[in-house]
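Engineer: A predicted structure for the sequence below; I have some questions about it.
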Amino acid sequence: MARAFLFVLDSFGVGGARDAAKYNDEGANTLGHIAQFCAAGAANRDGLREGPLKLPNLSSLGLLHIAKMASGEFPAGMPVPERVFGLHGAANEVSRGKDTPSGHWEIAGTPVMFDWGYFPSDGDAFSADLVEAICEEGKVSGILGNCHASGTDIIQKHGEEHIRTGKPICYTSTDSVFQIAAHERHFGLERLLELSNTVRKLLDPLNIGRVIARPFIGETPSTFERTGNRRDFSVPPPEDTLLDRLVAAERKVLAVGKVGDIFAHRGVTDVIKANGNAALMDRTLEAIDRAEHGNLVFTNFVDFDMLYGHRRDVAGYAAALEEFDRRLPEVHAKMKPGDLLIMTADHGCDPTWRGTDHTRERVPVMALGPGIRARDIGIRQSYADIGETIAAHLGIAAGRQGRSFL
Ligand SMILES: O=P(O)(O)O[C@H]1O[C@H](CO)[C@@H](O)[C@H]1O
Ligand SMILES: [Mn+2]
Ligand SMILES: [Mn+2]
């Protein structure tokens, strides 16, 4: 019985990307810098965590060896185990963007070799024509924001005006995204989702990867808070991915968290939503119980990126990693002969880095399962090797990109 479980720790990079300078990210290292801050006592938070970064389970699967391989150094303050129990390596990204869809599609065998459309960072992000079309077709009297921004900052800045005027808050980042923040009650969640759909269609000719609906609640800047009802409206991948190939071979793909949205629901048989890493882990464990021979359970753990990486919150990121690490034995306990678990990431988001955007980095690749012998699989030339490994493990035909490391 062969089953595969793929966990993407969203934004958990390990530094070392050869092309980092092209993205103004030379030296960025999500794991390395978190470990450094923790070891220096600069990531303590009362009641949350303290001291050096503690990831005993990930370390025993080779995470620290991966860090050394990817960026030249073991992470600071973390004891290096003598023996490693998993297949371990790092992977370069070949896709041009350092965004979530590019990373996930590349993992699934479809690197993004075209350029996404992006919005300018000087002056208005969105052209007058686009704003006019949004107002007309989306039936709103105007938009707020119209700039590059951090999603939590911009709702503090414009939230009250948004409630007063009904104008949605529209912003972007260095990713190919158009984000729309609106109040769940005053503006209405359904209306926000409809507007996002309308904008999605308007943006197709501009090659924009995603429209993201960002509902929030609260009445004042200090109480505004984004909710778990975020929705991503992605363009479909440019060609069939591992997920489509599995479905064509009559396999189930159980997509936990935002995975379904990222693949525009192509190649997904079961959509399982959850809010927050703890609930994502709970739903993943249930999906593993349900998964049958030949199935893939594919989970995105979004908190690392959304709540801590973009917020440049080192202590928060460290605590989330430690919590994830603590729950890994629950996954191990469910693994049966024939199961393969791969853990990786889609890009970096170094919480010590300038700005609030993703960082171009290598990602860790950890694979384990009963009967899979631990070894060093080196630096892989593309994330696509991960998807190919799953294809080989589940016994479907090889795709066009990547090489299995099994
Ligand atoms: O600041 P927030 O709204 O979290 O936005 C972040 O989330 C987007 C999608 O991951 C990224 O493009 C980044 O801009
Ligand atoms: Mn991501
Ligand atoms: Mn992100």
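Structural biologist: That came through fine. Residues are numbered from 1 along each chain as shown. Ligands and ions are numbered 1, 2, ... in the order given.
Engineer: Report the mean per-residue pLDDT for the lengthiest helix in the chain.
Structural biologist: Using DSSP state H, we find that the single longest helix of the chain is helix 314-334. For helix 314-334, mean pLDDT is 98.
Engineer: Over to stretch 374-383?
Structural biologist: Confidence over stretch 374-383 (mean pLDDT, whole number) is 98.
Engineer: again, but for stretch 239-255
Structural biologist: 98.
Engineer: per-residue confidence at Asn146?
Structural biologist: Per-residue confidence at Asn146 stands at 98 (pLDDT).
Engineer: Can you name the residues that contact it?
Structural biologist: Residues in contact with Asn146 (Cβ atoms under 8 Å, 6 or more residues apart in numbering) are 124-126, 131, 170-171. C-beta: built from backbone N, CA, C; applies to glycine.
Engineer: Could you give the secondary structure assignment for it?
Structural biologist: Recorded secondary structure, Asn146: strand (DSSP: H, G, I helix; E, B strand; the rest coil).
Engineer: Would you mind measuring from the residue lying closest to it once chain neighbours are set aside to Ala182?
Structural biologist: Nearest in space to Asn146, with sequence neighbours left out and distances taken as Cβ to Cβ, 6 or more residues apart in numbering, is Asp124 at 5.0 Å. Per Cβ to Cβ, to the nearest Å, Asp124 is found 19 Å from Ala182.
Engineer: Compare the two (neighbour count), which wins?
Structural biologist: Ala182 (28 against 13; other Cβ atoms under 10 Å).
Engineer: quick check, that one in a strand?
Structural biologist: Yes - checked against three-state DSSP, Ala182 lies within a strand.
Engineer: Which pLDDT value belongs to it?
Structural biologist: At Ala182, pLDDT is 98.
Engineer: What distance do you get for it to ligand 2?
Structural biologist: Computed as Cβ to the ion, to the nearest Å, the Ala182 to ligand 2 distance reads 22 Å.
Engineer: quick one, what contacts that residue?
Structural biologist: Contacts of Ala182 (Cβ under 8 Å, 6+ apart): 162, 168-169, 188, 191-192, 195, 213-216.
Engineer: Helix or strand: which one has the closest residue to Ile143 other than its chain neighbours?
Structural biologist: Among residues not flanking Ile143 along the chain, Cys170 sits closest, at 4.5 Å (Cβ to Cβ, 6+ apart). Using DSSP states H and E, Cys170 sits in strand 169-172.
Engineer: What strands line up against that strand, and which way round?
Structural biologist: strand 144-148 (parallel), strand 177-183 (antiparallel) (DSSP bridges).
Engineer: What residues of the last one count as buried?
Structural biologist: When neighbours are counted by 16 or more other Cβ atoms under 10 Å, the buried residues of strand 177-183 are found to be 177-183.
Engineer: quick revisit: next, format the strands paired with strand 169-172 as TSV and append distance to Gly294.
Structural biologist: Shown next, in TSV, are those (distance: least, Cβ to Cβ, whole Å):
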stretch	distance to Gly294
strand 144-148	44
strand 177-183	34
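Engineer: could I have stretch 162-172 exported to CSV, CA atoms only?
Structural biologist: The C-alpha coordinates for stretch 162-172 follow below in CSV (Å, rounded to 0.1, in the frame of the first residue of the first chain):
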residue,chain,number,x,y,z
HIS,A,162,-13.5,51.7,4.7
ILE,A,163,-16.3,51.2,7.1
ARG,A,164,-17.6,54.7,6.7
THR,A,165,-17.4,54.8,2.9
GLY,A,166,-17.8,51.2,1.8
LYS,A,167,-14.7,51.5,-0.4
PRO,A,168,-12.6,48.3,-0.4
ILE,A,169,-8.9,48.5,0.6
CYS,A,170,-6.8,47.3,-2.4
TYR,A,171,-3.1,46.7,-2.1
THR,A,172,-0.3,44.6,-3.5
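Engineer: of all the residues in the stretch 301-406 of the chain, which ones are close to ligand 1?
Structural biologist: Neighbours of ligand 1 within the stretch 301-406 of the chain, by Cβ under 6 Å from any ligand atom: 306, 310, 356.
Engineer: Nearest to ligand 1, out of those residues: which one, please.
Structural biologist: Each of those was scored against ligand 1 by Cβ to the nearest ligand atom, and His310 proved nearest at 4.5 Å.
Engineer: Setting the sequence-adjacent residues aside, check what's closest to the residue in the stretch 201-350 of the chain that ligand 2 sits nearest to.
Structural biologist: Proximity of the stretch 201-350 of the chain to ligand 2 (Cβ to the ion) peaks at Asp346, 4.4 Å away. Sequence neighbours aside, Gly103 is the residue nearest to Asp346 in space, at 2.8 Å (criterion: Cβ to Cβ, 6+ apart).
Engineer: does that neighbour count as helix, strand or coil?
Structural biologist: helix.
Engineer: try Gly188
Structural biologist: Assigned state for Gly188: helix (three-state reduction, three-state DSSP).
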